[in-house]
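Colleague: Sequence below, structure please.
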Amino acid sequence: MKKTRLGEFQELILMAVIVLGENAYGNEIQRELEGRLDERLSTGAIQTALKRMEDKGLVKSEWGEATQKRGGKRKRIYSATPVAHKALHEMKDIRSQLWDAMPKLGINNA
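Modeller: Take a look at the predicted model:
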């Protein structure tokens, strides 16, 4: 059976979607990742990745309620599918196997 390969960015977004649960919408996903990565991310890059992952069946989305805070605009809330959960577990296993196979990394302070 063919495994679903994820790029690093997709993997991070999927993990953020799962961590955020019901609050997994574009701006919140961006804030979560920017805080953890300590770097600025493009809103467009996140939206493009989410759209591509939705097309692949890794995430699904639905419209939330319109809120006064957002000027009456609704937000698209994302959730990871079982396919995404399986892909994340596969990626974790692959990474773990590779880390276990590597010789100990030395840190050169020179």
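Colleague: K60 falls within a strand, correct?
Modeller: Yes - under DSSP: H, G, I helix; E, B strand; the rest coil, K60 sits within a strand.
Colleague: what about the most centrally placed residue in the chain, which SS state?
Modeller: Nearest to the geometric centre of the chain sits I13, at 1.3 Å (CA atoms, centre = their mean). Classification of I13 using three-state DSSP returns helix.
Colleague: pretty sure it is in contact with M53, am I right?
Modeller: Yes - here I13 reaches M53: they are 7.1 Å apart, a contact under CB atoms under 8 Å. C-betas here are computed from N, CA, C, even on glycine.
Colleague: Burial check on the closest residue to the residue nearest to the centre of the chain other than its chain neighbours, number of neighbours?
Modeller: Once flanking residues are discounted, I13 sits nearest to A49: 5.3 Å by CB to CB, 6 or more residues apart in numbering. A49: 20 surrounding residues under other CB atoms under 10 Å.
Colleague: give me every residue that touches A49.
Modeller: If a contact means CB atoms under 8 Å, 6 or more residues apart in numbering, then A49 has 9-10, 13 as its contacts.
Colleague: Give the rounded mean pLDDT of the helix or strand hosting R36.
Modeller: Using DSSP states H and E, R36 maps to helix 26-37. Throughout helix 26-37, pLDDT has a mean value of 96.
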